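1. Whatever this is, show me its structure:
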Amino acid sequence: MRILVTDGMDKTALETLRAKGHEVVEQFYAPEELGEAIRDFDVVVVRSATKVRANHIDAAKGSRLKLIIRGGVGVDNIDVAYAEANGIAVKNTPRASSNSVAELALAHMLSCARFVSIAGHTMREGKWEKKAYGKGVELGGKTLGVIGYGRIGQALGRMAQGLGMNVVAYDIYHVEGIECETMHYVTMDELLAQSDFISLHTPAIDGKPLINRENIAKMKDGVIFVNTSRGNNVDEEALLEGLNSGKIRGAGLDVYAEEPAKNEALLNHPNVSCTPHILARQSSQPCKSLVPIKIERDQFGIIFQIQCLAIPLCWYTIFFHLISCLFHLLISDYKII
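-> Sure, this is the predicted structure:
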């Protein structure tokens, strides 16, 4: 297969794909070039930088493109329904970065609670402001509200409970068997009123931002707010007003309404801990359960040979989708044994 990787891929995964005989091209294309470029590939692998929209899919109609893979969770950068309506499958890697995102959310919670970001910045300016930034808050005994209690939200909830926090969660779906003495589902209004820390983990929401003036007004005074979901889930002007008034003690942000972020008043606010959308960028960690798959075919069918190799989970999931695509392409001609 010909595979286009537009936004980077782990070196081990690239080497493994190429060793298995696939042609892998690493190339980022500008939006006006992308549609024509993807016509020449069976599979396109993107992260968040590349946006695959309806016009790109129109340009790829009648071509060899059969699969788009999002290396990550959110697929709001792909017109999924339109792609699938035109015979192009879209897959993501939802389990790949759960811990990475949860850990970054926790890092922002700690940074805001202990003034880590601004204290480090002022020290680099030659200042020693121990009194100004020495009055932080501990996480133990506080209440964390998690909006969106899926894989990432649950991962953060477990970490927070390990630090002695109580967790309240709001989600339209309730997972059975996970509530306990230190974790309970609540309504949205209850979460806003009870939480000392709030972390947002919902998909991109169309229409009015979930975190707006109305919901900020319902929060506890001095709350710490963290967003590692999507930038358009938050009204940045309302958030800035909350920071300036003291309603919000601190905000930890990794995603923004516009990226690269340009809201200088928000980015330069002393009570904001900010990172440039790095939530799912983690180093490769070996995992014995991750395996490349060698495919052979003959007149009787397709035979799999599995060997152990350590690669990041995100790229193993991509391998799985690639193999699924290959099944789709070959199943009409070969019997699977």
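2. What backbone torsions are found at residue 4?
-> Backbone torsions for residue 4, taken as degrees, to the nearest 10, come to phi -100, psi 130.
3. Test my guess that it contacts residue 50.
-> No - using Cβ atoms under 8 Å, residue 4 makes no contact with residue 50, being 9.6 Å away. For the C-beta atoms, the positions are set from N, CA and C on the backbone; glycine is no exception.
4. Number of residues surrounding residue 128?
-> For residue 128, the number of neighbouring residues by other Cβ atoms under 10 Å comes to 9.
5. Residue 181 too?
-> 7.
6. From residue 72, how far out is it?
-> 34 Å (Cβ to Cβ, to the nearest Å).
7. what does residue 62 give?
-> For residue 62, the distance to residue 72 equals 29 Å [Cβ to Cβ].
8. now do residue 238
-> Counting by Cβ to Cβ - residue 238 and residue 72 are separated by 27 Å.
9. Comparing those two, which shows the higher neighbour count?
-> Neighbour tally, residue 238 and residue 72, criterion other Cβ under 10 Å: the higher count belongs to residue 72, 23 against 18.
10. all helices of the stretch 151-300 of the chain, in order?
-> Counting by DSSP state H, counting those that start in this stretch, the stretch 151-300 of the chain forms helices over residues 151-162, 188-194, 213-217, 236-245, 264-267, given from the N-terminal end onward.
11. Now do the strands in the stretch 101-250 of the chain.
-> When secondary structure is read from DSSP state E, counting those that start in this stretch, the stretch 101-250 of the chain shows strands at 143-147, 166-170, 183-185, 197-200, 223-227, 248-253.
12. Using a markdown table, lay out those strands together with distance to residue 265 and mean neighbour count.
-> Listed next are the strands of the stretch 101-250 of the chain as a markdown table, based on distance: least, Cβ to Cβ, whole Å; neighbours: other Cβ atoms under 10 Å:
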| stretch | distance to residue 265 | mean neighbour count |
| --- | --- | --- |
| strand 143-147 | 24 | 25 |
| strand 166-170 | 29 | 23 |
| strand 183-185 | 36 | 17 |
| strand 197-200 | 20 | 26 |
| strand 223-227 | 16 | 26 |
| strand 248-253 | 12 | 25 |
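13. Please produce JSON lines containing those strands, extended by mean pLDDT.
-> Formatted as JSON lines, those follow (pLDDT from 0 to 100):
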{"stretch": "strand 143-147", "mean pLDDT": "98"}
{"stretch": "strand 166-170", "mean pLDDT": "98"}
{"stretch": "strand 183-185", "mean pLDDT": "98"}
{"stretch": "strand 197-200", "mean pLDDT": "98"}
{"stretch": "strand 223-227", "mean pLDDT": "98"}
{"stretch": "strand 248-253", "mean pLDDT": "98"}
